[in-house]
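>>> below: sequence and its predicted model.
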2 protein chains.
Amino acid sequence: MASTSSLTLSQALLSREISRHGSNSSSDRVPLSIPTFSGLKATKPPRLSGSSHRPRTTHYRRQIVRAAVAETLGTTAENALVEKSINTIRFLAIDAVEKANSGHPGLPMGCAPMGHILYDEAMKYNPKNPYWFNRDRFVLSAGHGCMLQYALLHLAGYDSVREEDLKSFRQWGSRTPGHPENFETPGVEVTTGPLGQGIANAVGLALAEKHLAARFNKPDSEIVDHYTYVILGDGCQMEGIANEACSLAGHWGLGKLIAFYDDNHISIDGDTEIAFTESVDTRFEGLGWHVIWVKNGNTGYDEIRAAIQEAKAVKDKPTMIKVTTTIGFGSPNKANSYSVHGSALGAKEVEATRSNLGWPYDPFHVPEDVQKHWSHHIPQGADFEAEWNAKFAEYEKKYAEEAAELKSIITGELPAGWEDALPKYTPESPGDATRNLSQQCLNALAKVLPGFLGGSADLASSNMTLLKMYGDFQKNTPEERNVRFGVREHGMGAICNGIALHSPGFIPYCATFFVFTDYMRAAMRISALSEAGVIYVMTHDSIGLGEDGPTHQPIEHLASFRAMPNILMFRPADGNETAGAYKVAVVNRKRPSIMALSRQKLPQLPGTSIEGVEKGGYIISDNSSGNKPDVILIGTGSELEIAAQAGDELRKEGKAVRVVSFVSWELFDEQSDAYKESVLPEAVSARVSIEAGSTFGWGKIVGSKGKAIGIDRFGASAPAGKIYKEFGITVEAVVAAARELS
Amino acid sequence: MASTSSLTLSQALLSREISRHGSNSSSDRVPLSIPTFSGLKATKPPRLSGSSHRPRTTHYRRQIVRAAVAETLGTTAENALVEKSINTIRFLAIDAVEKANSGHPGLPMGCAPMGHILYDEAMKYNPKNPYWFNRDRFVLSAGHGCMLQYALLHLAGYDSVREEDLKSFRQWGSRTPGHPENFETPGVEVTTGPLGQGIANAVGLALAEKHLAARFNKPDSEIVDHYTYVILGDGCQMEGIANEACSLAGHWGLGKLIAFYDDNHISIDGDTEIAFTESVDTRFEGLGWHVIWVKNGNTGYDEIRAAIQEAKAVKDKPTMIKVTTTIGFGSPNKANSYSVHGSALGAKEVEATRSNLGWPYDPFHVPEDVQKHWSHHIPQGADFEAEWNAKFAEYEKKYAEEAAELKSIITGELPAGWEDALPKYTPESPGDATRNLSQQCLNALAKVLPGFLGGSADLASSNMTLLKMYGDFQKNTPEERNVRFGVREHGMGAICNGIALHSPGFIPYCATFFVFTDYMRAAMRISALSEAGVIYVMTHDSIGLGEDGPTHQPIEHLASFRAMPNILMFRPADGNETAGAYKVAVVNRKRPSIMALSRQKLPQLPGTSIEGVEKGGYIISDNSSGNKPDVILIGTGSELEIAAQAGDELRKEGKAVRVVSFVSWELFDEQSDAYKESVLPEAVSARVSIEAGSTFGWGKIVGSKGKAIGIDRFGASAPAGKIYKEFGITVEAVVAAARELS
């Protein structure tokens, strides 16, 4: 049956993910019955709040918290339950932070109303399959407020956040770490905490949806159709990355991206007045967003609902809903102050807040009526998924080819034999810059991998990243695969994280000059941490770029990434090594890869191979026997040629020389001791390395008796050959060092 | 004579800087005669162009270059000379790029008019003393267009850019590198090229001026009074750092900051339409700037002049003058296209451009009338400086104390005995987190160093960076020294670079969590490259921060900065080491310093010292003799305590143990071989290091037989003690490793 096949698709995904995370029991999974939908809706018709251009003033936030709470009394029974649910969220956050004696209660207390409305009313998801493909995505960009999301996941019935998880908030081995981590907590889409990353991830998620919808939706089947919601705070708004990503979101017209800006006027150092007085509304209008202001985010539930409706109605622009809230809402003595931002309230204030909000329950208690109400999300979610599965089954029948492609993106299963597409080279193949060889790989891979897409930060023609068979991903051509990021490296990286984490089969790549990884390092680190297999195409990887000079010449960058956990740093030397690096990168879907690529032309070297790259370090030539060379020369990238030439020179002098390519330190490190010994025998201390970058870290490879040739100063502006010579990155230097050592 | 003393001040500065750069001859210096001012002004009264809110359209840029050129014919003789001067600038750029066959002619050709008006009409400077204190500052944020600035410096009479320098553009050893570098070319204020940095530097320069003016100006003497001008392009505008810095500039009301936005609609990948369609005007209005649009930046000289006048009249806001230009103006076949952005025009197109603009001269030729006209800047500049010197002499008479303080900021001479202010500790002093000990140092230094100021990116109360005796630097209190950067790490770093490079006596510090150096790394690298002695106060320096988890826990960061040239990476262990790190940091005015500081409390250790820190690595305890310990234990920061405790354990077992603090690898590396041998004798291979961070790089220190204990994975969210234990960063682990090795 077709529907079985579709169910298998999402079930397979679920079990894949669950097995990874280990501790969920699939026996808890609710069967896919189709219960009656019992959403809780406001009885009053929503009031359109409209967009406001009024500059921020400080008056409206001097509201008295008690009064605001009282205001909502006397509403309908349903609204009373909403209120109770919202307070449940608040107290779960308060109690968890209190128990941990660590965390951020202020945001969850202030954002509980929008959180409730999102998870209880607006969003489509299936709590028992957090990886259901067509779910709405939610990103808490203000990740420190993670107890908001944990409380919501708990109420919604996600297995990842049970009561015991709330009670072990921020403890060793818990699924409720101090900031949201997708790799720890199913239901969390991306890893946030470093400010501004989440909103940029959300732009990536929304891009992914828009792209897939354009590629796969049919007039009779909207098989891809979800929203991306974000909550971001003042901190995110101040970060440059947020402006970069939001400028692109406006440019691309990501109409299904809806961001809630928690406008609470408090940051860690106090009132935002001390550092943040710009008009965010005006800025976002400039960025091409639709802007709505919800003036009463604390109790104006209908205002929030109306804003979401309005946002959904605006289809050609992303929407920012500025929601003015009170941080720590409900705390009589700490609300609206920075003291509630990042510390437990303390027993006394917790009591005062319980009393203030009329909350008689024990810590971590979810009142029965609230629990009963939220329980509908489990069957409802199953229903959403079942409906979608049925829809997909129909789709599959009519559009078999598209369905197979989409399925590959959804599951992350690579098409059989994809790696055959990678170009192959011989020493006779024409020499070329590895950036050009990289473009051959990118274009080869885009032909066989349905989820392969990406672009450059305004350097496509230098990074050589254009996919020749595709057009540009733009507002009106979102089915295309060349993404134009503009000069926005940091936003680019974080957007790619969002794309990668949207669906396992997405393989986003992005590009700039290697030195400008400095602009995007925070996003790259989150790729590594959050297991987003982004491919970073980083060209102009050394002084070899020449005249642009030291501002553009990476020196310490290779070392800086070799030190970063869970990332693969490649520096291929020629065509085979470039292809090998891409092969490993594509396979490693939970580990990002960085390609350091040359601007300058390099020869195709004898001895290089894809298989060699897979081992990280390997012998490309050797005239020694018995694993006892007189000297081992080690090079990477553009300097492997120098090592090889030096090897030839030394062999002419009768030396037994081994030349080793050290294209990826991480991969070499993962090899067996026996393999490592076969490449770098302990007994051979005469080792010379050469790399046009910092020697930092090479000490371990060449040993205390070896010599690392490199560059431990900034570069210079001159033709590349001149700089190489002046800096001593030469065959002569390697030969001289080898002679001295052997 | 008082005026002699003042002259000495600037002359001293000049010779200081010149001696550093080596090749300027002070004999060329024009005597301080006071020539008649012969500025070239427009005869027509300037027309106010007004601020325009009209959204960008694509129509107006389809202008025909020839027509635009023709339009200016028939103007007055003076305007003809202006035109000729502007074309001189264009052709100097064209010719230099052509000769180098490398570089960016497009921007200089498009921005020559604003460049001419700035350097010939608007700016105050002294070509023969590029370091004259009260000069207007100019920053070419779009640094790739550096030939614009080199041409202007050449015309203005700076010794740093003579004809032979233009002819060696982008060549080895030249003073005209591929991007503007303050450390190579006197007259260049900051180092730009990486986009967005320059505008943020300019915010720092303008902050510095506003601060000094507020502190030192008197009703009868405006001793500090200059503008900061910037040219930035589309690329800079897209970068998040620019938005961060400009948001602060608006917040601070930096009325003397005037930015020219070269709105040429072309970036490397083509028309900005493909990635940059936001309304920059609207965004800047949101940021609190005054916005002016000069619609004809190619030939509308009066419009540009009027815009500058208008900008100067707006005193409470920075001004952005959007100047719509044609990139590569004058090139008949390449203007208004990306092909003119970053490559030489080619001989044929150079000829076509010569013909199009009516330029009969040889390459690098400055027509005599143009040369004659510009020659007035040398006497005029001398005049400016002489006037100011006289003013300062008066000021000094009346306000001796303030004058001494200002002089210290101008010259960078530290007050005698300043280091006595640093706090001292004994093992009996109470233990404390190094972030708190750092605050004691900051407050002590601020009392004795007139140019010491700084702040945090919204973490002042966590980074412990508040100067208790000062208030906040704000729009209306710019004389204060606590700078509130908001959550804008990248902008913060670049702003501090601007402050540091404003005057040698400024010692700016800035702060965030150590992990968030990832957000500001590009600015930190430019500190290092451009010799800006910024102090980076980076707290929460390891898993020791605990519950916030892996997004907030630095791992690879120490290694990543140890690999960076010209930067000092400190990880002090206690009070004495923190004070020592600050002592070295203050002395190193041409090398930035990073302090990695603990969140958690640490004991004051016996054996630590300021003198030890000055050597980078030193022995804190030792029971061996003859420089032959059984084992050497090496620690940094919070793990030095662990090493010390392990040493005590091992000594109980009868071992001869040396414990070494390795607080700054760079400083240790600079010591004599004899000193190094006295700390880490080659013969002792039993070495154990411990540091709560990546072991990357430690291989060289501990050697192939030693053991590096560290963390080569991401962190975890849990109480700090628990993570230390689970990760094996313990006394037991050190003891076990030492036993195994010795």
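Right, received. Where do you want to start? Values in this document were obtained by computation on a predicted structure and should not be read as measured data.
>>> so which residue of the stretch 1-150 of chain A comes closest to chain B?
Scanning the stretch 1-150 of chain A for proximity to chain B using C-beta to the nearest C-beta identifies A:Ser102 as nearest, at 4.2 Å. The C-beta positions use only the backbone N, C-alpha and C, and glycine is treated the same way.
>>> and A:Lys41, what's its pLDDT?
Note on A:Lys41: pLDDT of 34.
>>> oh, that last question was meant for A:Gly270, not what I typed.
Model confidence at A:Gly270 (pLDDT) stands at 87.
>>> now do the contacts for it.
Counting by C-beta atoms under 8 Å, 6 or more residues apart in numbering or on different chains, A:Gly270 touches A:Tyr338.
>>> give me the beta-bridge partners of it?
The bridge-partner assignment for A:Gly270, based on DSSP bridges, gives A:Ser267.
>>> isn't the residue of the stretch 1-150 of chain A closest to chain B up against B:Glu547?
Yes. With contact taken as C-beta atoms under 8 Å, A:Ser102 and B:Glu547 are classed as touching, separated by 4.2 Å.
>>> now do the residue in the stretch 101-250 of chain A that chain B sits nearest to: how many residues are near it, please.
Of the stretch 101-250 of chain A, the residue with the smallest distance to chain B, taken as C-beta to the nearest C-beta, is A:Gly240 at 2.1 Å. Residues contacting A:Gly240 under the criterion other C-beta atoms under 10 Å in any protein chain shown number 28.
>>> which residue packs closest to it, ignoring adjacent ones?
The shortest distance from A:Gly240 to any residue other than its chain neighbours is 2.1 Å, reached at B:Gly240 (C-beta to C-beta, 6 or more residues apart in numbering or on different chains).
>>> my guess is that neighbour contacts B:His490. True?
Yes. Because the distance of 6.7 Å satisfies C-beta under 8 Å, B:Gly240 is recorded as touching B:His490.
>>> and A:Ala708, that's in a strand?
Yes. Membership of A:Ala708 in a strand is supported by DSSP: H, G, I helix; E, B strand; the rest coil.
>>> what is it paired to in the beta sheet?
A:Ala708 forms beta bridges with A:Ser689, as assigned by DSSP bridges.
>>> any idea how far B:Leu257 is from it?
45 Å (C-beta to C-beta, to the nearest Å).
>>> which of the two has more neighbours?
Summary of the neighbour comparison: A:Ala708 and B:Leu257, criterion other C-beta under 10 Å, with B:Leu257 having more neighbours (30 against 23).
>>> quick check, pLDDT for the more buried one.
At B:Leu257, pLDDT is 99.
>>> and for A:Arg54?
According to the prediction, A:Arg54 has pLDDT 39.
>>> do A:Ser33 as well
pLDDT, the model's per-residue confidence, is 32 for A:Ser33.
>>> what about whatever residue of the stretch 401-550 of chain A ends up closest to chain B, neighbour count?
Among all residues of the stretch 401-550 of chain A, A:Gly486 sits closest to chain B, at 3.4 Å; criterion: C-beta to the nearest C-beta. With neighbours defined by other C-beta under 10 Å, the count for A:Gly486 comes to 28.
>>> surely it meets B:Glu273?
No. With the criterion set as C-beta under 8 Å, A:Gly486 and B:Glu273 do not qualify as a contacting pair; they are 10.7 Å apart.
>>> quick one: residues contacting the residue of the stretch 101-250 of chain A closest to chain B.
Remark: with contacts taken as C-beta under 8 Å, 6+ apart, A:Gly240 is in contact with A:196, A:490, B:196, B:239-244, B:488, B:490-491.
>>> swap the cut-off to 7 Å and go again
A:Gly240 is in contact with A:490, B:239-241, B:243-244, B:488, B:490-491, counting by C-beta atoms under 7 Å, 6 or more residues apart in numbering or on different chains.
>>> out of the residues you listed, who's the most crowded?
When neighbours are counted by other C-beta under 10 Å, B:Gly491 leads those with 35 neighbours.
>>> now tabulate the contacts of A:Gly240 in CSV and tack on distance to A:Ile632.
Below are the contacts of A:Gly240 laid out as CSV (distance: C-beta to C-beta, whole Å):
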residue, distance to A:Ile632
A:His490, 39
B:Glu239, 43
B:Gly240, 44
B:Ile241, 43
B:Asn243, 50
B:Glu244, 47
B:Arg488, 48
B:His490, 42
B:Gly491, 47
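>>> for those, which one is nearest B:His226?
Taking C-beta to C-beta as the measure, B:His226 sits nearest to B:Gly491 out of those, at 21.9 Å.
>>> any stretches of the stretch 51-200 of chain A with poor pLDDT?
Applying pLDDT under 70 to the stretch 51-200 of chain A picks out residues A:51-77.
>>> which residues of it lie near chain B?
With the criterion set to C-beta under 7 Å from any C-beta of the partner chain, the stretch 51-200 of chain A comes near chain B through A:100, A:102, A:170-172, A:177-179, A:191, A:193-195.
>>> and those, which of them are buried?
With burial judged by 16 or more other C-beta atoms under 10 Å in any protein chain shown, the buried subset of these is A:100, A:102, A:170-171, A:177-179, A:191, A:193-195.
>>> farthest-separated two in those?
For these, with distances taken as C-beta to C-beta, the pair at the greatest spread is A:Gln171 and A:Leu195 (24.1 Å).
>>> tell me which stretches of the stretch 301-450 of chain A form helices.
For the stretch 301-450 of chain A, helices defined by DSSP state H, counting those that start in this stretch occupy the ranges A:301-313, A:347-357, A:368-374, A:377-398, A:400-411, A:434-448.
>>> and A:Tyr125, how far is that from B:Gln149?
With distances taken as C-beta to C-beta, A:Tyr125 is found 55 Å from B:Gln149.
>>> just to revisit the earlier point, per-residue confidence for the residue of the stretch 101-250 of chain A closest to chain B?
Reading off the confidence values, A:Gly240 has pLDDT 98.
>>> thinking again about what came up before, secondary structure for the buried ones among the residues of the stretch 51-200 of chain A next to chain B - can I get that in JSON lines?
JSON lines is the format used below for these (three-state DSSP):
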{"residue": "A:Ala100", "secondary structure": "helix"}
{"residue": "A:Ser102", "secondary structure": "coil"}
{"residue": "A:Arg170", "secondary structure": "coil"}
{"residue": "A:Gln171", "secondary structure": "coil"}
{"residue": "A:Pro177", "secondary structure": "coil"}
{"residue": "A:Gly178", "secondary structure": "coil"}
{"residue": "A:His179", "secondary structure": "coil"}
{"residue": "A:Thr191", "secondary structure": "coil"}
{"residue": "A:Gly193", "secondary structure": "coil"}
{"residue": "A:Pro194", "secondary structure": "coil"}
{"residue": "A:Leu195", "secondary structure": "coil"}
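>>> closest to A:Ser625 among the residues you listed?
For A:Ser625, the nearest member of these is A:Thr191. The distance, counting by C-beta to C-beta, is 50.7 Å.
>>> setting aside sequence neighbours, what's the nearest residue to that closest one?
Distances taken as C-beta to C-beta, 6+ apart place A:Ser530 nearest to A:Thr191, at 3.8 Å, with adjacent residues excluded.
>>> what's that neighbour in contact with, if anything?
Contacts for A:Ser530 (C-beta under 7 Å, 6+ apart) come out as A:182-183, A:190-191, A:497, A:501.
>>> again, only this time at 8 Å
Going by C-beta under 8 Å, 6+ apart, A:Ser530 touches A:181-183, A:190-191, A:497, A:501.
>>> need the residues of the stretch 551-700 of chain A near chain B, please.
In this structure, the stretch 551-700 of chain A approaches chain B at residues A:551-552, A:555-556, A:559-560, A:562-566, A:694, A:696-700, judged by C-beta under 8 Å from any C-beta of the partner chain.
>>> swap in 10 Å and give it another go.
Contact residues (C-beta under 10 Å from any C-beta of the partner chain) of the stretch 551-700 of chain A with chain B: A:551-567, A:665, A:669, A:682, A:685, A:693-700.
>>> looking at these, which are in helices?
When those are checked against helices using DSSP state H, the ones located there are A:557-562, A:665, A:669, A:698-700.
>>> could you pick out the buried ones from those?
Among those, those classed as buried by 16+ other C-beta under 10 Å are A:557-562, A:665, A:698-700.
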